[in-house]
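# kindly generate the corresponding structure for this input.
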Amino acid sequence: MRQPETGQPPHAAAPAATPSPGSFAPLRRPVFAVLWAATVLGNTGTFMRDVASAWLVTDLSASPTAVAAVQAAGMLPIFLLAIPAGVLSDILDRRKFLIFIQILLGAVSATLMLLSASGLVTVSALIMLTFVGGIGAALMGPTWQSIVPELVPRGELKSAVALNSLGINIARSIGPAVGGLLLAAFGAAVTYGADVASYFIVVSALLWWKRPAATQDELSERFGGAFRAGLRYARSSRELHVVLLRAAVFFAFASAVWALLPLVTREILKGDAAFYGILLGSVGVGAIIGALLLPRLRDRLSADRLMLAAAIATATASAALAAGPPKALALVILMLMGAAWIVALTTLNATAQAILPNWVRGRALAVYLTVFNGAMAGGSLGWGFIAQELGLAGTLLVSAAGLTLTGLIVHHIGLPKGEADLAPSNHWPEPILAEPVPGDRGPVLVQIEYRIDSKDRSAFLTALRRLADARRRDGAYTWGVMEDAADPTLVTEWFMVESWAEHLRQHHRVSHADAEVQAAIHAFHREADKPVVRHLIAVD
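Residues are numbered from 1 along each chain as shown. Predicted coordinates for the structure are as follows:
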């Protein structure tokens, strides 16, 4: 059931140590409460499955590369498929899609259960099934994140995503420990069986949820167009680029501990399967503590300082594990890492959520998931190969040094504030047409003619360039500015859209923040009438 790690439902806030009024308000809404409880149980089962797989591969092979390959197999599909999954989450019925994914993931765990019970499980089979499970996680991540605004009113959204953050870390604290105990007492087959049972609970909750059917109209997107629109948005959003860069750098170095923890437990800490589960449980406990403390930390530290603190804390934990601490101290170290991990995840996810409009949320979050899981999968494989040469302790020290250094460097690339109003403004008038235009006709060239005094020209062009990214984000694939050779006061902004339907979608995507930019640009227009807008459509 578990979403990919960033794949907790969207983090806009975390619960406070002493919850403010309304922090638990979403739980008074039956649909949210039922799905939240089912998610906690489902994630608990998935953490149990992950413990069984991670430990089972150490029984089958002592190679760090094999251990890291299992970790990477679960993350690589999310890297490869997150963007198509995000497109599907924006155009399909999300409830039915989630039910399908749960059945797929349940089948993976059932297969692992049968192979373990019959003694036929191999490293290759484990990697293959983990990869299929990663496909399910790739499909589920953007979809699960996208349904949260459907379950609660906008005013309770931050509390809802904070409760989801808390829920997955409750599962993280319980699942690995219970999974480790089941694994030690009864074996992998029983542990996988417990995960299979959890999927029945989640599917039942999704069947109980009566989601209103989405309306279909002539502007409803199809996969190909929606895919291109999502990529255009991601390519043109400078704020999203900053979030992606910060995520890639942090998770590439922080992945070392996650990739090598089963071997660290066995070889450095001299622990067994039960202790490995308890270590992962400590990560979950630390994450809960971090989530509870995060509101207070936010009052004192900016998002950039929180990310730097998380990098230094994770690096400290990695270096401390390399020293081979006593088991009791190792639990404390993993709690510190869990707190730092949730601070980083929540800060980055909250920033990503704040800068994304609803129309492209699933697709843009999928791009974020792609970067996150690409960094984790690539990092896991890379650290596995490095551990073959340097050993476990040396690899942990290298990752700690790299995380500290890069944390200090990217600290100066500030995360966006995410304070703009991204709700649709719907202020564009409907185009004047001589006759109806088929939606698939295109491309479309849109021209806006401005009359600008020479003294205002420089300031106008500076303001207009602010609009270029917005045009591209909302659907334009090229943009430019031209002047009339015979009359330099006549300046024409132009952009091209792939079809008439896509241009009409632009009308519904323009945000209030973009409308304010456009109003500032129109203030330079010296004529009483509004700038002239022309729509030119390619002739067949």
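
# from here on, just use CA atoms for contacts and neighbour counts.
OK.

# mind checking the SS state of R211?
At R211 the chain is in coil, as set by DSSP: H, G, I helix; E, B strand; the rest coil.

# and for it, the neighbour number?
16 (other CA atoms under 10 Å).

# what residues are up against it?
Contacts for R211 were tallied using CA atoms under 8 Å, 6 or more residues apart in numbering; they are R95.

# quick check: which ranges of the stretch 51-200 of the chain have low pLDDT?
62, 154, 157-159, 161-162 (pLDDT under 70).

# run the last query once more with 90
For the stretch 51-200 of the chain, the stretches with pLDDT under 90 are 51-97, 116-128, 130, 133-189.

# tell me where it has helices.
Along the stretch 51-200 of the chain, the segments classed as helices by DSSP state H, counting those that start in this stretch run 64-91, 94-118, 123-151, 157-186, 188-208.

# these: which one's closest to T404?
Taking CA to CA, helix 64-91 is the member of the helices of the stretch 51-200 of the chain nearest to T404, at 22.5 Å.

# now for the closest one, which elements pack on it?
helix 30-60, helix 123-151, helix 223-236, helix 238-263, helix 361-410 (3 or more CA pairs under 8 Å, 6 or more residues apart in numbering; DSSP states H and E).

# now tabulate these in CSV and tack on mean neighbour count.
Below are those laid out as CSV (neighbours: other CA atoms under 10 Å):
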stretch, mean neighbour count
helix 30-60, 23
helix 123-151, 23
helix 223-236, 19
helix 238-263, 22
helix 361-410, 23
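
# and of these, who's closest to I312?
Minimum separation from I312 across those (CA to CA) falls at helix 361-410, 5.5 Å.

# leaving out chain neighbours, which residue sits closest to the residue most central in space within the chain?
Nearest to the geometric centre of the chain sits L369, at 4.1 Å (CA atoms, centre = their mean). Nearest in space to L369, with sequence neighbours left out and distances taken as CA to CA, 6 or more residues apart in numbering, is A82 at 6.3 Å.

# one step back: can I get the helices of the stretch 51-200 of the chain in JSON lines with distance to A393?
What follows is the helices of the stretch 51-200 of the chain, written out as JSON lines (distance: least, CA to CA, whole Å):
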{"stretch": "helix 64-91", "distance to A393": "12"}
{"stretch": "helix 94-118", "distance to A393": "32"}
{"stretch": "helix 123-151", "distance to A393": "25"}
{"stretch": "helix 157-186", "distance to A393": "24"}
{"stretch": "helix 188-208", "distance to A393": "28"}
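
# which one, of those helices, ends up nearest to T406?
Closest among those, using CA to CA: helix 64-91, at 22.2 Å.

# and the angle for the closest one with helix 123-151?
Put simply, helix 64-91 runs at 30 degrees to helix 123-151, going by axes from the mean of the first three to the mean of the last three CA atoms, to 10 degrees.

# about what we covered before: distance of the residue nearest to the centre of the chain relative to R361?
L369 is 12 Å from R361, where distance means CA to CA, to the nearest Å.

# same check, this time on A82
13 Å.

# nearest residue to S282 other than its sequence neighbours?
Counting by CA to CA, 6+ apart, S282 lies nearest to M335, which is 5.0 Å off, once chain neighbours are set aside.

# check R472 too.
Sequence neighbours aside, S236 is the residue nearest to R472 in space, at 6.0 Å (criterion: CA to CA, 6+ apart).

# burial count for G86?
So G86, with other CA under 10 Å, has 30 neighbours.

# which residues sit in contact with the closest residue to it other than its chain neighbours?
Leaving out its chain neighbours, the residue that sits closest to G86 by CA to CA, 6+ apart is R363, at 4.1 Å. Neighbouring residues of R363 by CA under 8 Å, 6+ apart: I83, P84, A85, G86, V87, S89, D90, P142, F227, G230.

# now do 6 Å
Contacts here follow CA atoms under 6 Å, 6 or more residues apart in numbering; on that basis R363 touches I83, G86, V87, G230.

# got CSV for those, with distance to A311 too?
Shown next, in CSV, are the contacts of R363 (distance: CA to CA, whole Å):
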residue, distance to A311
I83, 27
G86, 28
V87, 32
G230, 30
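
# nearest to A205 among these?
Among those, G86 lies closest to A205 (CA to CA), at 22.4 Å.

# isn't A501 up against P438?
No - A501 lies out of contact with P438 (CA atoms under 6 Å); the separation is 7.8 Å.
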